[in-house]
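Asks: Predicted structure and sequence below. I'll ask about it afterward.
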Amino acid sequence: MSQNVTINQMNSMKLFGMAQAYRNLLESAQQQDLHPDELASLLVQAEWEDRQNKKITRLYTSAKFRYRASIEEIDFTVNRGLDKALMLRLSDMSFIKRKENLLITGATGSGKSFIASALGNQACMNGFKTLYFNATKLFPRLKMLKADGSYMKEINRIEKQDLLILDDFGLQPLDVQARMALLEIIEDRHGRASTIIASQLPVEKWHETIGDGSVADAILDRIVHKAQRIQLSGQSLRKIK
């Protein structure tokens, strides 16, 4: 069997990483120096890495982050109450494995969205399904989806994510439909998956912005329970920079 036929067969079986690695070996003539076990191991490793890279790219693309951010880019030099040790613990994604929530609060420009996006990006790198939403856009969108009958499809999609990021929560009070949608989302995910909520408002004021005491109690009981918190302080990073 010719080498070109072998490469074509690899491609037809969608072994694209393996095919590219084999092509590279042929061009460099290195395959002649490899033991059959070494050759097989190299080709399988190349295929595995190719699939992992494509999976991470898919996860990142579907997450739709606000910022292209990474843990390495987070600025710890500015005094804003950001605990580096806590961030390092969060970056290992064990909080997602434990189905814990994370609440990030602080004034505008303090870096809440960047930190949330950086953790989301790290989640994708570790193979976790992630979705990012701006809360001020999510609830009006869910209201529109109810009108065309696709609301439950979107709710089910959100439920299946390992990590959900709700950014800019509490910028405006929730109406009845938004309140019930949030309750449904939080109820579906409670104890099953992690949620990061970033807000300018301190957690103590979320009850008021959610409205309806009994519903707010139910939502906050599920959000705050077992949640870790990051409270940012100081001047806006945008002004400082």
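Replies: Sure, I can see it.

Asks: end-to-end on stretch 25-37?
Replies: Counting by C-alpha to C-alpha, to the nearest Å, you get 15 Å between the two ends of stretch 25-37.

Asks: what's the neighbour count on R229?
Replies: Applying other C-beta atoms under 10 Å, we find 13 residues neighbouring R229. Bear in mind the C-beta positions are built from the backbone N, C-alpha and C, glycine included.

Asks: again with T130
Replies: Using other C-beta under 10 Å, T130 has 26 neighbouring residues.

Asks: for the chain, what helix or strand is lowest in average pLDDT?
Replies: None of the helices or strands of the chain scores lower by mean pLDDT, DSSP states H and E than helix 237-240, at a mean of 56.

Asks: who touches the nearest residue to T108 once chain neighbours are set aside in this structure?
Replies: Once flanking residues are discounted, T108 sits nearest to Q200: 5.8 Å by C-beta to C-beta, 6 or more residues apart in numbering. The contact partners of Q200, by C-beta atoms under 8 Å, 6 or more residues apart in numbering, come to T105, G106, A107, T108, K112, D168, G170, L171.

Asks: so can I have JSON lines of those showing secondary structure and distance to V224?
Replies: JSON lines is the format used below for those (DSSP: H, G, I helix; E, B strand; the rest coil; distance: C-beta to C-beta, whole Å):
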{"residue": "T105", "secondary structure": "strand", "distance to V224": "12"}
{"residue": "G106", "secondary structure": "coil", "distance to V224": "17"}
{"residue": "A107", "secondary structure": "coil", "distance to V224": "21"}
{"residue": "T108", "secondary structure": "coil", "distance to V224": "23"}
{"residue": "K112", "secondary structure": "helix", "distance to V224": "17"}
{"residue": "D168", "secondary structure": "strand", "distance to V224": "19"}
{"residue": "G170", "secondary structure": "coil", "distance to V224": "14"}
{"residue": "L171", "secondary structure": "coil", "distance to V224": "19"}
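
Asks: Now, of those, which are buried?
Replies: T105, G106, K112, D168, G170 (16 or more other C-beta atoms under 10 Å).

Asks: With respect to A40, which of the residues you listed is nearest?
Replies: K112 (48.3 Å; C-beta to C-beta).

Asks: For the chain, give me the ranges with low pLDDT.
Replies: The chain contains residues with pLDDT under 70 at 1, 29-32, 234-241.

Asks: Show me the helices in it, by range?
Replies: Remark: helices assigned in the chain by DSSP state H are 3-12, 16-28, 36-63, 84-91, 94-97, 112-125, 135-148, 151-159, 176-189, 206-210, 213-224, 237-240.

Asks: tell me the most buried of those?
Replies: helix 112-125 (a mean of 23; mean count of other C-beta atoms under 10 Å).

Asks: just checking, what packs against that one?
Replies: helix 36-63, helix 84-91, strand 102-105, strand 130-134, strand 163-169, strand 194-199 (3 or more C-beta pairs under 8 Å, 6 or more residues apart in numbering; DSSP states H and E).

Asks: same thing but at 10 Å, please
Replies: helix 36-63, helix 84-91, helix 94-97, strand 102-105, strand 130-134, strand 163-169, strand 194-199, strand 228-231 (3 or more C-beta pairs under 10 Å, 6 or more residues apart in numbering; DSSP states H and E).

Asks: would you list these in JSON lines and tack on distance to Q3?
Replies: Formatted as JSON lines, the helices and strands packed on helix 112-125 follow (distance: least, C-beta to C-beta, whole Å):
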{"stretch": "helix 36-63", "distance to Q3": "13"}
{"stretch": "helix 84-91", "distance to Q3": "44"}
{"stretch": "helix 94-97", "distance to Q3": "44"}
{"stretch": "strand 102-105", "distance to Q3": "51"}
{"stretch": "strand 130-134", "distance to Q3": "41"}
{"stretch": "strand 163-169", "distance to Q3": "44"}
{"stretch": "strand 194-199", "distance to Q3": "48"}
{"stretch": "strand 228-231", "distance to Q3": "54"}
